[in-house]
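**Student:** Sequence first, predicted coordinates after that:
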Amino acid sequence: MRKSLYVHVPFCEQICHYCDFNKFFLKNQPVDEYVEAAVEEMKKTAAAFPQHEFIETIYIGGGTPTSLSSTQLKHLLEAIPNNFTLADTTEWTVEVNPGSADKEKFEMIKQAGVNRLSIGAQTFDPDLLQKINRDHKPAQVEETIRLAQDAGIDNLSIDLMFGLPGQTMEQWKDTLSQAAALPIKHISAYSLKIEPKTVFYQMLNKGTLKLPEQELEAEMYEYMLQFLREEGFQAYEISNFARNREESLHNLTYWDNNEYYGIGAGAHSYMDGVRRRNHGPLPKYLKAIAEDKLPYLEENPVSRKEMMEEEMFMGLRKRLGVSKKKFENRYDQTIDQAFPGIITGLKQQGLLEETDYYIYLTETGLLLGNEVFEQFLAG
Amino acid sequence: MKPEDRIKRRDKIRNFSIIAHIDHGKSTLADRILEKTSALTQREMQDQMLDAMDLERERGITIKLNAVQLNYKSQDGETYIFHLIDTPGHVDFAYEVSRSLAACEGALLIVDAAQGIEAQTLANVYLALDNELEILPIINKIDLPSAEPDRVRQEVEDVIGLPGEDCIPASAKNGIGIDDILEAVVAKVPAPTGDPEAPLKAMIFDSIYDPYRGVIVYIRIMEGTVKPGQKIKMMANNKEFEVQEIGVFTPKPLAQEELTVGDVGFMIAGIKNVGESQVGDTVTHAHKPTAEAMPGYRRLNPMVFCGLYPVDASDYNDLRDALEKLELNDSALQFEAETSQALGFGFRCGFLGLLHMEIIQERIEREFDIDLITTAPSVIYEVTKTDGSSIEISNPSDMPDAQSVDYVREPYVKAEVMVPNDYVGAVMELCQRKRGDYVDMKYLDANRVNIIYEIPLSEIVYDFFDTLKSNTKGYASFDYEIIGYKESNLVKMDILLNGESIDALSIIVHRDSAYDRGKIIAEKLKKLIPRQQFEVPVQASIGQKIVARSTIKAMRKNVLAKCYGGDISRKRKLLEKQKAGKKRMKSVGNVDVPQEAFMSVLSMDEDN
């Protein structure tokens, strides 16, 4: 079951203070060479790991994919159907920063086959946007949505963040209201996590970053659950909400523990039972491709035990939970046999619930997901 | 060897140590001397040759003593036999220092040309004078920009009373003055005296355990001669052994046919553990013993105690094995099994001091790979009960009920702090806060002051030295000696987590500071113990009375949001890390408590 493709564009015009993805300042980078190399990687990958099924989800992420010129982006997008066979109904998402694409770029994107956009709104508070070093203004979100709709792309999602430095409950409520009022079908809402090698990490260590208390963060989350439910968004995963079941099929690939292709510097893939990571630094990535090699930095075969663990700690992120039947079909044993005593214990703690068909997190469990997930890990 | 050859040889021997304050350059000078006397080829030369253990090198201190034999061709054309005896550089090991000094006739006293005389320098000088050593003052690091050799020379004259003009200017790091130092050793350090034909009298100044050879005893021959095959006797415990091998370190061990007066070397005699060859004891012939043992021997008594518990209860037997192995090599280490309601099975261990404790703890974790919970260090309290009986306790949780206690006595030390004028206030404030009694204050010169306090040992075992250093911008130096027991108004304070008293967190505090300490501890634990899935009250109590409380709020949110672009391995690693972190904690009454929390009860500072 490998029906998904991820393509990474590691360039940004401005680096956000929280971002620890593989990304570089666009300026002075060998962008043309990079696009060429990514196309080359697609060709090699498709040859080395032939498709058995149609590609049903594609996600172009970053970085900022729209920081590429129209010509560059077009080249990259068009290479996909040239190298992989897509289904008729493929969900094809591109990440967009508000204000980073004009009419012409959207029309080109649409023309190439893209039918879904994920827009990095993050917050509608201008001061907070500045604090996290985003390079857009709140009003540009709506503008971007209009441009996309004009170009004929109406499956739109926005990203939001909460638990930002100095963020108040009022600011968060306001952001959610503004988001819900937009003609969008999907919201991903992540709480800020401070990762090493970010500006925020440095600030935290120096003591110049003030983060909200855990209580406030939890309240923000709980408010969001309730508010978005009232607004017709269904929480189908810990951080993801969809109207009219317009769920992100691509992200469900990860949570369903299915395989996927991964193209580009620093991209991750999961093919034929092996998880791989590509070289992140451009020179290394470009060099590998130039030497006619696949650009893998790491290759980790996933053992059966690990596969079952991942099935649980990824699957439980979904509101629906993990399908007992599917688990049994995949691994020839029940969840209880694979993890004796764990489910019962977590149910007693009020973190898990189960029906005849599914095991899923309780509302308390949603907030304490990591406490649940770790239980399924060996050691 | 013929008797007259032994005398000739004796007269060419020079035995000396290097004494210095920490960081004044002792190990570097030792390296230079080894180089100059060609004891090692350049290739064998490693920086700080004498500090062999990894731990010593990392901490930059000498823990185990070493003794090397060196041949030095003097400018007078004669070749001399040098024995350089290294000494540990920490107050915990003062007794070992005194014994290794007793094995010498001279000492090189290193004083930093910028920092001058420090408390430890002075303490070591007194030890050297007690042993009637010839002291050769060396002003080291004269090539530093901040060096003030003239001021330091004056200080040596004023404070120690050695003629300033005798000071040898040197830079061990850059090889300046090394020849002068070696010539001074020949000229000024007296040759050993003692009759090579007299009954054997050899002093043990160190012993180490070797898994293949048994105990290797480091000895200095004061009188007589010893050879392999002879029956010898330890005078302190009358145990007899047969000498299997003797030799010297060059620094590699080199077997010899005999060791005679003035020699410093090793002896292997089928000794099973270091407890049978105590430092300071005298070795003599079993059949023709010497009349009197060397003076100065005493049994080492641990001063600081703590509980060592395995984080994982199944490591208990491994921990006992580890302690038994360490004990073979460390006669000052004591341990006995104890049980804690909170921590399960473990050991109450006795150490010479806090450094000694940290070293043992670190070696167990490093060499034996056992995760440890260490309870807060305690001293031995003498408790006299109302019925007139008296007991000694080294574990605070053993303190009897307040009603049955008549009075409690605790060990005191005389602490000497040497500090520049500007920090007198800071030092006195610290000493007062640590319940110190002012004794005296002496100006060493216009700018430097020696402050003397009597302070309860329990107050200095934890963070006294660190606080002293930070309150004086690192300028203060510190030394102490135990002076005996004094009565104090002490009470036991218990700590309750989630309503349950945790015996391993109990401490003994002065009644007057109990409320403040309780408050600090409750706040500290609140910070150190991570949120649990339920709210955890932290309380400090004296008897039934709660004197302080805080609350560890329940964990509200712990979930990874981001998808990491399909980076599942990373998610896995984060979860694994979280899980491993919990495994290193001890589950006490349903609460996961991290290792450092058990030490934190001794902390006196509200922040940090």
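**Tutor:** Great, that's in hand. Numbers count the residues shown, from 1 in each chain, chains lettered A, B, ... in the order given.
**Student:** Which neighbouring elements make contact with the helix or strand B:Ala94 falls within?
**Tutor:** Assigned by DSSP states H and E, B:Ala94 belongs to helix B:94-102. Under the contact definition 3 or more CB pairs under 8 Å, 6 or more residues apart in numbering or on different chains; DSSP states H and E, helix B:94-102 sits against strand B:13-20, helix B:119-130, strand B:201-210. (C-beta placed from N, C-alpha, C; glycine too.)
**Student:** pretty sure B:Glu358 is in a strand, no?
**Tutor:** No: using DSSP: H, G, I helix; E, B strand; the rest coil, the assignment for B:Glu358 is helix, not a strand.
**Student:** What helix or strand is the nearest residue to A:Thr198 once chain neighbours are set aside located in?
**Tutor:** Setting aside the residues directly before and after it, A:Thr198 is nearest to A:Asp20 in space (CB to CB, 6 or more residues apart in numbering or on different chains), at 5.1 Å. Per DSSP H and E, A:Asp20 falls between elements, in no helix or strand.
**Student:** Report pLDDT for B:Thr260.
**Tutor:** The model reports B:Thr260 with a pLDDT of 95.
**Student:** Count the residues that sit near the closest residue to it other than its chain neighbours.
**Tutor:** In space, B:Thr260 comes closest to B:Thr225 once its chain neighbours are excluded; the distance is 4.3 Å by CB to CB, 6+ apart. Using other CB atoms under 10 Å in any protein chain shown, B:Thr225 is surrounded by 22 other residues.
**Student:** Can you pull the phi and psi angles for B:Thr225?
**Tutor:** Backbone dihedrals for B:Thr225, given as degrees, to the nearest 10, come out at phi -140, psi 140.
**Student:** mind checking how far it is from B:Gly194?
**Tutor:** According to CB to CB, to the nearest Å, B:Thr225 stands 11 Å off from B:Gly194.
**Student:** OK, contacts around the residue in the stretch 101-250 of chain B that chain A sits nearest to?
**Tutor:** Proximity of the stretch 101-250 of chain B to chain A (CB to the nearest CB) peaks at B:Ser146, 30.4 Å away. Residues in contact with B:Ser146 (CB atoms under 8 Å, 6 or more residues apart in numbering or on different chains) are B:Ala114.
**Student:** Equivalent analysis for the one 3 residues further on, please.
**Tutor:** Going by CB under 8 Å, 6+ apart, B:Pro149 touches B:113, B:139, B:142, B:167, B:169.
**Student:** go on, A:Arg229?
**Tutor:** A:Arg229 is in contact with A:Ala235, counting by CB under 8 Å, 6+ apart.
**Student:** what do B:Thr225 and B:Gly194 both touch?
**Tutor:** Shared contacts of B:Thr225 and B:Gly194, defined by CB under 8 Å, 6+ apart, comprise B:Val261.
**Student:** Not counting sequence-adjacent ones, nearest residue to the spatially most central residue of chain B?
**Tutor:** Geometric centre of chain B, nearest residue: B:Asp92, 3.4 Å, by CA atoms, centre = their mean. The shortest distance from B:Asp92 to any non-neighbouring residue, by CB to CB, 6+ apart, is to B:Gly353 (3.2 Å).
**Student:** From B:Pro302, how far off is that neighbour?
**Tutor:** For B:Gly353, the distance to B:Pro302 (CB to CB) stands at 9 Å.
**Student:** out of these two, which sits in the busier spot?
**Tutor:** Using other CB under 10 Å as the criterion, B:Gly353 and B:Pro302 rank with B:Gly353 on top: 22 against 19.
**Student:** I'd say that one and B:Val461 touch.
**Tutor:** Yes: between B:Gly353 and B:Val461 a contact is recorded at 7.3 Å, counting by CB atoms under 8 Å.
**Student:** Overlap in contacts, these two.
**Tutor:** Common neighbours of B:Gly353 and B:Val461 (criterion: CB under 8 Å, 6+ apart): B:Val304.
**Student:** List the beta-bridge partners for B:Ile393.
**Tutor:** Here B:Ile393 sits in beta bridges with B:Tyr381, going by DSSP bridges.
**Student:** what about the residue of the stretch 101-250 of chain B closest to chain A, which helix or strand?
**Tutor:** Per DSSP H and E, B:Ser146 falls between elements, in no helix or strand.
**Student:** With the one 5 residues further on instead?
**Tutor:** Element membership for B:Arg151 (DSSP H and E) is helix B:149-155.
**Student:** Partner strands of whichever helix or strand comes after that helix, with direction?
**Tutor:** Of the helices and strands lying after helix B:149-155 in sequence (DSSP H and E), the nearest is strand B:168-169. Here strand B:168-169 has these sheet partners by DSSP bridges: strand B:134-140 (parallel).
**Student:** Out of the helices and strands in chain B, which is least certain?
**Tutor:** The helix or strand of chain B with the lowest confidence, counting by mean pLDDT, DSSP states H and E, is helix B:54-59 at a mean of 48.
**Student:** Which residues belonging to the helix or strand following that helix are considered buried?
**Tutor:** Following helix B:54-59 in sequence order, the next helix or strand is strand B:67-73 (DSSP H and E). Within strand B:67-73, the residues scored as buried using 16 or more other CB atoms under 10 Å in any protein chain shown are B:67-70, B:72.
**Student:** again with stretch B:409-428
**Tutor:** B:409-419, B:423-424, B:426-428.
**Student:** Can you name the two of those residues that sit furthest apart?
**Tutor:** Largest separation among the buried residues of stretch B:409-428 by CB to CB: B:Arg409 and B:Tyr423, giving 31.8 Å.
**Student:** Return the distance of the spatially most central residue of chain A relative to chain B.
**Tutor:** For chain A, the residue sitting closest to the mean C-alpha position, by CA atoms, centre = their mean, is A:Asn251 at 6.2 Å. Taking CB to the nearest CB, to the nearest Å as the measure, A:Asn251 falls 6 Å from chain B.
**Student:** On the pLDDT front, check that residue for me.
**Tutor:** A:Asn251 carries a pLDDT value of 94.
**Student:** Does the helix or strand where it lies pack against any helices or strands, and if so which?
**Tutor:** Taking DSSP H and E as the criterion, A:Asn251 maps to helix A:249-255. Other helices and strands packing on helix A:249-255, by 3+ CB pairs under 8 Å, 6+ apart, are strand A:2-9, strand A:55-62, strand A:86-96, helix A:304-315.
**Student:** mind putting the ones you listed in a markdown table, mean pLDDT, mean neighbour count and distance to B:Glu257 included?
**Tutor:** Listed next are the helices and strands packed on helix A:249-255 as a markdown table, based on pLDDT from 0 to 100; neighbours: other CB atoms under 10 Å in any protein chain shown; distance: least, CB to CB, whole Å:
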| stretch | mean pLDDT | mean neighbour count | distance to B:Glu257 |
| --- | --- | --- | --- |
| strand A:2-9 | 96 | 25 | 76 |
| strand A:55-62 | 96 | 24 | 79 |
| strand A:86-96 | 97 | 20 | 84 |
| helix A:304-315 | 96 | 19 | 65 |
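**Student:** now the biggest strand by length in chain B against helix B:119-130, angle please.
**Tutor:** When chain B is scanned for its longest strand (criterion: DSSP state E), the result is strand B:405-420. Per axes from the mean of the first three to the mean of the last three CA atoms, to 10 degrees, the angle that strand B:405-420 makes with helix B:119-130 is 100 degrees.
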